[in-house]
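Asker: Build me a structure from this.
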Amino acid sequence: MGKGDKKRGKINFEKVYSRFIALRIAYDGRLYRGNAHQKHEECTVEGELLRALERLQLAPSIDFCHLSRAGRTDAGVSAAANVVVLRVRSKKTDGPGVLAPGWTRNDAENTDSKQDEEGEEVEEKSSPLTLDRNEGLCASCGGEMDYVLLLNRVLPISIRVSGWTPVLPDFSARFGCRGRCYRYLFVKRDLDLGVMKEAAQRFRGVHDFRNFCKIDATSVKTWVREVRHFTVVLVQKGEDMGEDIWAFEIRGSAFLRSQVRMMVKVLFLIGKGLEKPEVITELLDVEKYKQRPAYTLAPAEPLVLYSCQFPSLQFLLSGSATGDAEGWTNPLDEPSSTPHQEGDIGVMSIAVKNLAADELLSGVEEEWEKRALDFALFKTISRSFVRVAGVDRKALPALPHQPLLEMPLCAGVEQAEENARKKRKRQADRESALLVANK
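Answerer: This next block holds a predicted model:
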């Protein structure tokens with residue numbers, strides 16, 4: 001029986017002190033069916049996190065946690081610095097942010113029961129008062145549990161916690177986040193980087209992106225979003241890997257479901273010379289094009305949630321937690337033997353990840369507490385994310401390209417709204433039938 005298997009007395013969570021904390025996490029999304037907890041899907045990042053919390057007796061269930069997240073990532077998508085807010089057991093009995101035994105929340109405002117995205121909402125609802133009130137909490141954390149050290153010792157190596165900070169109960173990771181940044185990695189091959197970079201500027205600004213996302217009218221009321229920044233950056237020179245690794249860097253307040261991967265797909269078509277840059281402007285005209293052409297998504301694996309902006313939060317990382325990382329080894333260090341192939345473009349035959357600490361984290365370092373972060377925490381896990389699996393294009397069959405504006409159309413917003421209405425009615429009918437049957 002190992003140390004972690006020793007039996008401990010079961011904790012009565014109705015009698016414990018607790019607090020809300022924000023955790024900054026990185027994960028290899030290739031191994032998970034998305035990051036968000038799903039009732040009938042165990043293989044998620046948050047599913048692993050909740051199991052770790054239960055094993056450590058920090059939280060008994062997701063209902064206790066009141067969990068919210070800064071970004072919802074699809075299956076295969078990774079993150080360098082996603083943030084979740086949740087309630088956990090505290091060893092302290094007083095001080096700012098510490099909740100007395102029996103604390104309950106009358107509403108579920110801080111949970112993510114309704115999400116639109118990769119799942120963020122366009123509105124940012126955490127008030128300035130809430131954000132400012134979080135700033136002084138770190139000073140009261142002396143003697144608190146080392147949540148980073150505890151969690152990283154029981155989480156899979158493909159999920160790492162890189163910092164924690166106390167927050168107040170009314171703080172939401174979803175609405176408190178002031179911006180998200182994604183990077184989509186690729187190799188150049190025969191893509192025209194100059195044309196793609198110029199075309200990407202057409203996405204900047206406030207637009208209706210219904211033709212660049214999966215329409216989900218169940219929880220989304222508007223498809224208007226703001227893209228603040230969209231460019232092409234060199235991530236890593238090719239001395240070691242054989243080819244330079246580039247990335248689209250996209251920043252905005254929030255994104256619709258699969259919006260990043262659909263914008264990237266169109267840019268790849270433009271970079272291949274299969275479409276003109278003007279097609280972006282055309283598809284952003286939703287009065288002229290009310291339904292999205294049925295083009296496919298760019299692959300999920302090269303997409304990384306790069307950073308989430310929380311100006312008022314200072315994440316803590318103890319020396320013990322940093323030192324504990326030195327002996328980690330990653331079972332994923334062997335290259336994948338089944339690289340992704342995207343035949344209709346021919347160039348995106350890659351399964352690439354790059355969370356190299358000195359490159360990927362340089363853009364978000366200023367948001368982190370300067371004394372706290374030792375990049376050694378990420379060195380092991382980052383190695384498994386650098387994967388370029390090239391395929392000889394001559395061996396791939398040439399597939400004809402159908403212009404986007406001539407493709408069959410997907411269901412539009414009106415049809416999606418009608419489908420959502422029917423879904424809600426079926427759900428209501430089922431609930432009514434259950435009530436009748438139980439009488």
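Asker: if I look at residue 166, how far off is residue 22?
Answerer: According to CB to CB, to the nearest Å, residue 166 and residue 22 sit 8 Å apart. In this view, the C-beta of every residue, glycine as well, is placed from N, C-alpha and C.
Asker: Comparing the two, which shows the higher neighbour count?
Answerer: residue 166 (27 against 23; other CB atoms under 10 Å).
Asker: what's the helix or strand for that one?
Answerer: strand 159-167 (DSSP states H and E).
Asker: what sits up against the helix or strand residue 250 falls within?
Answerer: Of the helices and strands defined by DSSP H and E, residue 250 is found in strand 245-252. Outside strand 245-252, the residues within contact range by CB atoms under 8 Å, 6 or more residues apart in numbering are 179-188, 193, 196, 200, 203, 225-236, 238, 260, 263-264, 267, 306, 352, 354, 386, 388.
Asker: ok, now how distant is the nearest residue to residue 15 once chain neighbours are set aside from residue 90?
Answerer: Nearest residue to residue 15, sequence neighbours excluded (CB to CB, 6 or more residues apart in numbering): residue 101, at 4.9 Å. To residue 90, residue 101 is 11 Å away according to CB to CB.
Asker: pLDDT weak spots in the stretch 301-439 of the chain?
Answerer: Applying pLDDT under 70 to the stretch 301-439 of the chain flags residues 321-399, 439.
Asker: Given the strand holding residue 250, what are its sheet partners and their directions?
Answerer: strand 180-187 (antiparallel), strand 224-236 (antiparallel) (DSSP bridges).
Asker: residues of the first one that come out buried?
Answerer: Just to be clear, that refers to strand 180-187. 180-187 (16 or more other CB atoms under 10 Å).
Asker: So which of those is the closest to residue 253?
Answerer: residue 180 (7.5 Å; CB to CB).
Asker: where's the closest one relative to residue 316, distance?
Answerer: Separation of residue 180 from residue 316 (CB to CB): 22 Å.
Asker: Can you show me the strands along the stretch 1-150 of the chain?
Answerer: 18-27, 68-69, 78-89, 98-99 (DSSP state E, counting those that start in this stretch).
Asker: and the first one, C-alpha only, in PDB?
Answerer: Provided in PDB are the C-alpha atoms of strand 18-27 (Å, rounded to 0.1, in the frame of the first residue of the first chain):
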ATOM      1  CA  SER A  18     -14.000  26.500   2.700                       C
ATOM      2  CA  ARG A  19     -13.000  29.100   0.200                       C
ATOM      3  CA  PHE A  20     -13.200  29.900  -3.500                       C
ATOM      4  CA  ILE A  21      -9.900  29.700  -5.400                       C
ATOM      5  CA  ALA A  22      -8.800  30.200  -9.000                       C
ATOM      6  CA  LEU A  23      -6.500  27.600 -10.500                       C
ATOM      7  CA  ARG A  24      -4.300  28.200 -13.500                       C
ATOM      8  CA  ILE A  25      -3.900  25.000 -15.400                       C
ATOM      9  CA  ALA A  26      -2.100  23.600 -18.500                       C
ATOM     10  CA  TYR A  27      -3.200  20.300 -20.200                       C
END
